[in-house]
Structures are given as C-alpha cells and as structure tokens.
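after the sequence you'll find the predicted model.
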Amino acid sequence: MKKLIMKVKVFGSLSALLLIAVAVLATSVENESDNPAIVSDELIQTSNTGLSPVQLTKDENNNIQVFKNVSPSVVFVTNTQLRRQRFSLNVMEIPRGSGTGFVWDESGLIITNYHVIHGANKITITLESGNPYPAEVVGFAPEKDIAVLRIKAPNEQLQPIVLGDSSNLSVGRKVLAIGNPFALDTTLTVGVVSALGREIKSTDNRTIKDVIQTDAAINPGNSGGPLLNSMGELIGVNTAIYSPSGASAGIGFAIPINTIAKLVPQLIEHGRIIRPVIGIETLKDYQARRLGVKGVVVFSVQDGLAADAAGMVGLRYDNRGQLHLGDVVIAINDAPVTNEDSLLSYLEQFKPGDEVKVTTIRDEKIYNYEVILTKPN
C-alpha cells in the first residue's frame, strides 16, 4: 500500500511538472508571435498555384514592398562614344560604360551622375519595361557629380520617384539601394546609414559636402541610382564607393536629396549651377602655395563689379617693376577660406543680390569688405 501511495505521489508530481512545462512553452510561443522580428502579422503568397503561404518578417516585407514600388522608377543608363576604326574611315559606336538613373518627373526628366554620362556621344535610357529611349542632356554639374537628362517616353511608362528629406536622417537608419551593378539590372541591396556629413571629391576635384555614407552594397553600375529610406522615399543619389579593388567594401557614398533638389531647377533652367560672384579672378591653388600664401590670392579685380566697387585690389607692380600681392581672401562671413574649393563652396550657399563680408589680408593688414554678390556673365 505504501508503495502504491508513493507511486501516485510521484505520478502527481510529474503531472504537475508537465503542466508547468506546457504553460511555459505556451507563454514562450505567445511571446514569439508578438515579436515582429520573428513572425510578421502579414503573409505573402509564394505563387498562385495553391502552395502554402510563406511567413515574412516585417523587415522582409518592407524590403519587398519598397522594391516593388520604386523599381519602375529606376532606369539603366548606357554611355556610348563614337570611335573611328584605325585602318578605315568607318565610325563605330563603342559602349563606354553604364550606370543607373531614375525618373524625376512625368515630363521625362532623368537624374543620374555626371561621371556616368561624361564623354558620351550618345546616351540611351532603358526603362524597367525594357524599352530604350535616346536621351538629351538638359544640364550637368561636374562639381556635384549630377546630370539631368530628358527622354520622350509615354507617360504611362514614366513613374517619378518620391522625394524624401535627407535632413531627417540619422546614423543607424535603414536604407535601400536599387541599381545596375556590373550591368545586372534592377538589383536591390540593403544596409544602414553608416555616417553623415562626409566629404568626397568630384570628377573636377571639387569637394562635395554633407555626403551620406552607407554600408548598403554599392558597386560599379550603381552610380546615379537612388538611395531610399524604408518608406521608399529618395534620400540620396549613389555616387561612389571606397574600395582598393573597385568592388563594394561596405563603404558607399550618396549625395543627399536636399542638395539635389536645390540643383535640379538650376540645371533645367540654365544647364549649369548659377553661382554668384564677387568679381575677382584668382590664382590657382598651386601658384598660391608656391608663394607661400594661405588663402585665395586675388589676381585681378573685374571693372564695375562688386569687388571693384568695394575697393579690393589684385596683383600690382611698383615703380621698380616688382610684383606685389594685393588682397588674399581668408574668410567669407567669418568662415575660413583656405583654397579655391572652399571659396566656391561658400559662394554656392548664396544667391545674386546677397551681401556678404569678405575678409582679406594685404600688406599684413586685415580688411573687411561688404560685397553685394552679382550674377555671373
């Protein structure tokens, strides 16, 4: 009888433990189902053939939706040059390179990188539909590595990209890139914003400021393509990678959309960036370095323009025929100017009619000029 009682007690204890284990397991499953990183609340059908649906995480579903919504706006850009055959007079079309672009508006404007179309005799835009269209150059800015093209395509084939706001970005936010790396069209890569406020050099050795750094894979052919946020909005234009091998090393760069949005209207209207001028001609940086001068040396002052009216002075000869430095620009509105690049970058922040303070040094004295910027000729 005692053995029977003990067996019942043991059996009861095991039952209780079993019930506790089931309850813990149920709680764990319930908690897992509440975790968006484990199971999504949406199901995506793999096909229409009656196969069971596949469960996706919310992040996977977001990637799919962004790609579906934006990929029709992404285009393939082909750069072709004309080249004469060596032993004949025949002229051949030689593919020089390819890249990516995107539809800016329904009129057929296409945005891409300047270096993608540089040196082209013929540019072809291929839409997602596979239809190719010849493109004309509307305007370009080598110093910002941006070009605006136009194609004549049916409106139903032109899906403009949705613009975002790059000022809202922060390190760690998810980003997606769509492009044509190594001519593999419409490729999606995903990453995060790795850093903000970077600087890179353009094709004409100008500094592009406030660039976005990302670890989303960007390879040759991605240039000119869109960098997107998780809402599918354009936040940047992919422009360069940092890699000794030329392939993605997890360090890519994109020009922020807020910079692009300011440039595009100027490129459409004028074909180039309209930068206000002071009215001076300057020495090249290497010439200033040879003279041991820090700043931008004023070579000459243009008659009748702002610098002339303010009293600025260029290089000049004395009675003995010896050359003397005139004004050397060292600051604009108290922001230091160290070379031509920094001077031009500061001037790009203003428009014709704005008044700025130009600080110079001449004969070891500091001068401050109030100058009204004018429109370039």
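That came through, no problem. Predicted model, so just to flag it, every value in this text is computed and none were measured. Numbering: from 1, shown residues only.

for the rest of this, base every contact and every neighbour count on C-alpha atoms.
Fine.

and stretch 365-376, what's buried?
367, 368, 369, 370, 371, 372, 373, 374 (16 or more other CA atoms under 10 Å).

name the nearest residue to residue 188, sequence neighbours excluded.
residue 178 (4.7 Å; CA to CA, 6 or more residues apart in numbering).

show me the contacts for the one you found.
67, 71, 74, 186, 187, 188, 189, 222, 225, 226, 227 (CA atoms under 8 Å, 6 or more residues apart in numbering).

try 10 Å
Shown in contact with residue 178 (CA atoms under 10 Å, 6 or more residues apart in numbering): 66-67, 70-71, 73-75, 100-102, 185-190, 216-218, 222-228, 238.

among the residues you listed, which ones are in helices?
66, 67, 70 (DSSP state H).

what sits against the last one?
Going by CA under 10 Å, 6+ apart, residue 70 touches 102, 159, 160, 161, 162, 178, 226, 228, 232, 233, 234.

could you rerun that using 8 Å?
161, 232.

next: the first one.
Applying CA under 8 Å, 6+ apart, one finds that residue 66 lies in contact with 230, 231, 232.

pairing partners for the helix or strand hosting the residue nearest to residue 188, with directions?
Using DSSP states H and E, the element containing residue 178 is strand 174-179. Strand pairing for strand 174-179, using DSSP bridges, gives strand 187-201 (antiparallel), strand 226-228 (antiparallel).

that older thread, dump the buried residues of stretch 365-376 into TSV; add pLDDT and distance to residue 343 as well.
Formatted as TSV, these follow (pLDDT from 0 to 100; distance: CA to CA, whole Å):
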residue	pLDDT	distance to residue 343
367	95	17
368	95	16
369	95	15
370	94	16
371	93	14
372	92	15
373	92	13
374	90	15
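
which of these lies closest to residue 290?
residue 367 (23.4 Å; CA to CA).

ranges for the strands of the stretch 151-300 of the chain?
174-179, 187-201, 207-214, 226-228, 234-241, 252-256, 280-282, 296-301 (DSSP state E, counting those that start in this stretch).

nearest spatial neighbour of residue 355, chain-adjacent residues omitted?
Here the residue nearest residue 355, using CA to CA, 6+ apart, is residue 372, at 4.3 Å.

that neighbour and residue 356 touch, don't they?
Yes - if you go by CA atoms under 8 Å, residue 372 and residue 356 touch, sitting 6.4 Å apart.

would you mind measuring from residue 225 to residue 186?
Residue 225 is 10 Å from residue 186, where distance means CA to CA, to the nearest Å.

now do residue 299
50 Å.

and what of residue 224?
Residue 224 is 13 Å from residue 186, by CA to CA.

now, of the strands paired with strand 174-179, which is deepest in the fold?
strand 226-228 (a mean of 30; mean count of other CA atoms under 10 Å).

got a list of contacts for that strand?
74, 101-102, 175-179, 234-238, 254.

quick one: average pLDDT of that strand?
Per-residue pLDDT over strand 226-228 has a mean of 97.

ok, stretch 321-329 next?
pLDDT averaged over stretch 321-329 gives 88.

return that stretch as CSV; C-alpha atoms alone will do.
C-alpha atoms of stretch 321-329 as CSV (Å, rounded to 0.1, in the frame of the first residue of the first chain):
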residue,chain,number,x,y,z
GLY,A,321,58.6,96.9,-61.7
GLN,A,322,58.4,94.5,-58.8
LEU,A,323,55.2,92.4,-58.4
HIS,A,324,53.3,92.7,-55.1
LEU,A,325,50.4,90.7,-53.7
GLY,A,326,47.1,92.5,-53.4
ASP,A,327,44.2,91.1,-51.4
VAL,A,328,44.3,87.5,-50.3
VAL,A,329,40.8,86.2,-49.3
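
how about that stretch: buried residues?
325, 326, 327, 328, 329.

what's next to that stretch, contact-wise?
Contacts of stretch 321-329 (CA under 8 Å, 6+ apart): 295-299, 312-318, 337, 358-363.

where does pLDDT dip in this structure?
1-53, 81-96, 242-248 (pLDDT under 70).

tell me, domain by domain, which residues of it belong where.
Following automatic domain parsing, the chain resolves into domains at 70-157, 166-270, 280-372.

between the ones you listed, which gets nearest to residue 62?
Nearest of the domains of the chain (CA to CA): domain 166-270, 6.9 Å.

wait, isn't residue 334 in contact with residue 359?
Yes - Residue 334 lies in contact with residue 359 (CA under 8 Å); the separation is 7.4 Å.

who's more crowded, the two?
residue 359 (21 against 12; other CA atoms under 10 Å).

phi, psi of the more buried one?
Dihedral pair for residue 359: phi -100, psi 130, per degrees, to the nearest 10.

helix or strand for residue 59, which one?
helix 58-70.

in that helix, which residues are buried?
58, 61, 63, 66, 67, 70.

which ones are touching residue 264?
Residue 264 touches residue 148, counting by CA under 8 Å, 6+ apart.

any idea which of the contacts of strand 226-228 is closest to residue 196?
Nearest member of the contacts of strand 226-228 to residue 196, counting by CA to CA, is residue 254, at 10.0 Å.

how many residues are close by the closest residue to that closest one other than its chain neighbours?
Residue nearest to residue 254 in three dimensions, not counting chain neighbours: residue 238, with 4.1 Å by CA to CA, 6+ apart. Using other CA under 10 Å, residue 238 has 32 other residues around it.

what sits against residue 238?
Per CA under 8 Å, 6+ apart, neighbours of residue 238: 177, 218, 222, 223, 224, 225, 226, 227, 252, 253, 254, 255.
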